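>>> Here is the input, now give the coordinates:
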Amino acid sequence: MSERACVREVGLRDGLQSIAEILPTEQKLAWLDAEYAAGVREIEVTSFVPPKLLPQLADAEAVVRHALSLPGLTVSTLIPNLKGAERGLALGVHEMNFVLSVSEGHNRSNVRRSTAESIEDFRRVVALCRTAPEGPRPRVACGLATAFGCTIEGAVDEERVRRIAVDVAEAGAGAIILADTVGYGQPAAVERVFRRVMADVAPLPVAGHFHDTRGLGLANVLAALNAGARSFDASLGGLGGCPYAPGATGNIVTEDLAFMLEAMGFETGIDLDRLIAVRELVHQALPDVVQHGAIAKAGLPKNFRLSRLAEAAE
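Numbers count the residues shown, from 1 in each chain. Down below sits the predicted model:
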């Protein structure tokens with residue numbers, strides 16, 4: 001049996017948050033349904049930020065309620081603070097992702113707090129979620145932004161990444177996401193950091209969130225795979241993830257990631273043909289938004305399905 005790898009779609013949150021044109025709720029739900037039908041089973045559907053700060057995600061509750069109606073879907077949301085956690089807890093989301101920056105300068109610029117203060121905020125979120133009944137209690141993941149470099153500070157100390165990962169693990173994180181927020185990561189550093197972090201927080205799962213800003217997104221996924229990571233964020237068509245460079249590549253492309261994992265022999269549960277078809281649905285809704293991706297343009301190779309059938313027969 002093939003080893004499982006998780007592709008977590010973040011386009012409905014990370015992809016849309018940098019797009020000025022408001023996508024109507026019904027079109028978000030159509031996108032969500034189409035990815036679900038293609039076999040994607042973990043989706044970060046929205047962020048609980050104040051609507052006045054991010055009008056694109058003002059329909060967060062409606063999107064979450066619909067997502068929760070889909071059997072077997074892990075419904076994830078980003079939470080910026082304790083109020084966001086309260087909203088997620090009230091709705092019954094399965095996972096909440098709290099993000100803080102390893103880079104002190106980036107964290108202060110982003111949320112006007114020190115990294116240490118954000119870790120304390122994370123502790124309060126975990127404590128709140130532990131008040132929920134055990135059955136519906138959400139998993140609280142912590143994303144470590146700028147884990148591989150920062151536009152403000154440049155290099156980020158790998159020991160600081162490891163130390164903060166241990167801190168949030170001890171604070172009660174259900175998972176850790178190492179994020180290459182600005183696309184500075186390269187494979188050697190990615191594998192090294194993942195190995196160091198995973199060795200110290202095991203058996204806590206450590207996931208990857210990579211950007212393809214400089215063409216190394218999938219290479220960094222491979223490096224993290226070699227270190228033992230098995231869950232990765234991606235965005236349909238590579239939407240979002242690079243708000244300061246319109247038209248530039250940001251998030252890694254969901255379709256390309258799923259193809260690479262399947263081609264390597266991992267089981268994702270995703271129907272690639274159906275996933276690729278979702279691009280047209282999103283294009284019809286957002287015709288002026290540039291989509292990226294290689295597999296949608298080149299098509300699946302002729303030997304792809306034969307190799308997968310051969311593996312299944314072994």
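
>>> Show me which positions of stretch 10-30 end up buried.
Buried residues in stretch 10-30, defined by neighbour count with 16 or more other CB atoms under 10 Å: 10-19, 23, 28-30. (Each C-beta comes from the backbone N, C-alpha and C, glycine too.)

>>> from the chain's centre, how far out does it sit?
With CA atoms, centre = their mean, to the nearest Å as the basis, stretch 10-30 stands 15 Å off its chain's centre.

>>> end to end, how far does it reach?
15 Å (CA to CA, to the nearest Å).

>>> what's the answer for stretch 291-301, then?
21 Å.

>>> who touches that stretch?
212, 236-239, 249, 253, 255-256, 259, 272-273, 276, 279, 282-283 (CB atoms under 8 Å, 6 or more residues apart in numbering).

>>> Neighbour-wise, which one of these leads?
Leu236 (30 neighbours; other CB atoms under 10 Å).

>>> Leaving out the residues flanking it, which one is nearest to that one?
Gly11 (4.4 Å; CB to CB, 6 or more residues apart in numbering).

>>> picking up where we left off before, which of the contacts of stretch 291-301 fall within helices?
Members of the contacts of stretch 291-301 lying in helices (criterion: DSSP state H): Glu255, Asp256, Phe259, Leu272, Asp273, Ile276, Arg279, Val282, His283.

>>> and the third one, how far is that from Ile43?
When you say that, I think you mean Phe259. According to CB to CB, to the nearest Å, Phe259 and Ile43 sit 18 Å apart.

>>> can I assume Leu23 is in contact with Gln56?
Yes. Between Leu23 and Gln56 there is a contact at 7.0 Å, judged by CB atoms under 8 Å.

>>> Find the residues that touch each one of the two.
Residues touching both Leu23 and Gln56 (CB under 8 Å, 6+ apart): Leu16.

>>> bridging residues for the residue nearest the centre of the chain?
In the chain, the residue lying closest to the centroid (CA atoms, centre = their mean) is Asp233, at 3.3 Å. The partner list for Asp233 in beta bridges (DSSP bridges) reads Arg8, His209.

>>> So it sits against Gly208, correct?
Yes. Applying CB under 8 Å, one finds Asp233 in contact with Gly208, separated by 7.1 Å.

>>> Can you work out which residues contact both of these two?
What both Asp233 and Gly208 touch, as defined by CB under 8 Å, 6+ apart, is the set Ile177, Ala179.

>>> can you tell me which residues contact Glu104?
Ser114, Thr115, Glu153.

>>> Tell me who's in contact with Ala20.
Here Ala20 is in contact with Gln56 (CB under 8 Å, 6+ apart).

>>> Let me know the secondary structure of it.
Following DSSP: H, G, I helix; E, B strand; the rest coil, we place Ala20 in the coil state.

>>> Tell me, what's the model's pLDDT at it?
For Ala20, the pLDDT comes out at 90.

>>> Pull up the gap between it and Leu286, please.
Counting by CB to CB - Ala20 and Leu286 are separated by 11 Å.

>>> By pLDDT, rank the contacts of stretch 291-301 and give me the bottom one.
Thr249 (67).

>>> what are the ranges of the strands in the stretch 1-150 of the chain?
Ranges of strands within the stretch 1-150 of the chain are 6-9, 42-47, 74-79, 95-101, 139-145, based on DSSP state E, counting those that start in this stretch.

>>> Thank you kindly, that will do.
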